[in-house]
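Novice: I'll drop the sequence and a predicted model, then ask my questions.
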Amino acid sequence: MYNSKKISLIIPCLNEKKGLSEIFSQKPCFIDEVVVVDNGSTDETADVARAYGATVVSLFEKGYGGAHQAGIRVAKGDIIILIDGDATYPVTEIEALLSYMEKEGVDFLTGCRFPLKNKKAMPVYKQLSNGLFSWFLRKSFAIELVDAMTGMFVFKRNFWPIIKCTNKGMGFSFELKLNAWLNPNVKSAELYIEYRPRLGEVKFRAAYDGLKTVYDIATFFCYYKKKKDVLSVEPLSTTTTSSMKSGFCEKISLKPLSSLRHGIMSDILFELYIM
């Protein structure tokens, strides 16, 4: 438990035995429950999870979002944490995220990966696509969300009915964020985290998943515009983002991220961010 709150960690997996072993070896002791959603693995993913005492949910219908939703349905924690099973999101930073969440009274928090501390942790094409998607969401929905496609989430369980996302695919990531950030009753924020090189095989299909994400964003945008007056959503123009400080982040305005630029790729991403 963390300050009297039960913590549940949910990890969707498809052949992630290497990543899971790394995650469990670094898992903080205050995490009460780990739910591993085995999304049709053909390796020893489920065996590794059970060996470490995790609850294993078998889900044969493939889908990133569907796996997350299956895990949330069985999780019992007051605070829900979502990460990927490839060890790219450091569980060692969970305590800093929880501390910030409690200190600032945040309901929904995501880990911001940019600027990348390790430039080799993410392929160039994914850096560019993340920058473009994030820029589009900021401009379309009037929010200052730096990392729209991050896969690390921390939120209060009682807010799930408010921000609930039904997207079964990769669109789950941005859709869940928008459900939270566009709701005036949910205090949302980002916090800088270190993003690490993945362990195991890459599952992301660049062309298919990229085009599907574009379609999902366009669909959500049309729905949002039609329902905006009904939902009375106000643009969150004062929402802030994150920067590195003392190992984790404090909220600052978006433009000071310029002081963190390193290298050509970061320069390109920064220009995309402030367009």
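Specialist: Received, thanks. Every value quoted in this text rests on a predicted model; they were computed, and no experiment measured them.
Novice: Ramachandran angles for Ala75?
Specialist: phi -70, psi 150 (degrees, to the nearest 10).
Novice: same thing with Ala189?
Specialist: With angles defined as degrees, to the nearest 10, Ala189 sits at phi -160, psi 170.
Novice: Leaving out the residues flanking it, which one is nearest to it?
Specialist: If the residues on either side of it in the chain are set aside, Ala189 comes closest to Val106, at 4.9 Å by CB to CB, 6 or more residues apart in numbering. Bear in mind the C-beta positions are built from the backbone N, C-alpha and C, glycine included.
Novice: Local confidence estimate at that neighbour?
Specialist: On the pLDDT scale, Val106 is placed at 98.
Novice: quick one: contacts for it?
Specialist: Contact partners of Val106, counting by CB atoms under 8 Å, 6 or more residues apart in numbering, are Tyr100, Lys187, Ser188, Ala189.
Novice: out of those residues, which are inside strands?
Specialist: Mapping the contacts of Val106 onto strands (DSSP state E) picks out Ser188, Ala189.
Novice: List just the nearest of the contacts of Val106 to Tyr64.
Specialist: Ranked by distance to Tyr64 (CB to CB), the contacts of Val106 are led by Ser188 at 20.7 Å.
Novice: Ile23 against Val91, yeah?
Specialist: Yes - under the criterion of CB atoms under 8 Å, Ile23 makes contact with Val91 at 5.6 Å.
Novice: what touches both of those two?
Specialist: Ile83.
Novice: more neighbours, the two?
Specialist: Each of Ile23 and Val91 has its neighbours counted (other CB atoms under 10 Å); Ile23 has more, 28 against 21.
Novice: And the helix or strand containing Gln69, what does it pack against?
Specialist: Secondary structure from DSSP states H and E places Gln69 in helix 64-74. Contacts defined by 3 or more CB pairs under 8 Å, 6 or more residues apart in numbering; DSSP states H and E place helix 64-74 against strand 7-13, strand 33-38, strand 55-58, strand 79-82, helix 172-181.
Novice: from the chain's centre, how far out does that helix sit?
Specialist: For helix 64-74, the separation from the chain centroid amounts to 14 Å (computed by CA atoms, centre = their mean, to the nearest Å).
Novice: and what of stretch 31-43?
Specialist: 17 Å.
Novice: Any idea how far apart the tips of that stretch sit?
Specialist: Stretch 31-43 stretches 26 Å from its first residue to its last (CA to CA, to the nearest Å).
Novice: Buried residues in it, which are they?
Specialist: For stretch 31-43, a neighbour-count test (16 or more other CB atoms under 10 Å) marks Ile31, Asp32, Glu33, Val34, Val35, Val36, Val37, Asp38, Asn39, Ser41 as buried.
Novice: Verify the stated contact: the third one with Gly71.
Specialist: No - under the criterion of CB under 8 Å, Glu33 lies out of contact with Gly71, with a separation of 10.3 Å.
Novice: nearest residue to Leu137 other than its sequence neighbours?
Specialist: Leu137 sits nearest to Ala148 (CB to CB, 6+ apart), 4.7 Å away.
Novice: What does the pLDDT read for that neighbour?
Specialist: With respect to pLDDT, Ala148 has a value of 94.
Novice: circling back to that earlier point, among the contacts of Val106, pick out the one closest to Arg196, please.
Specialist: Tyr100 (20.0 Å).
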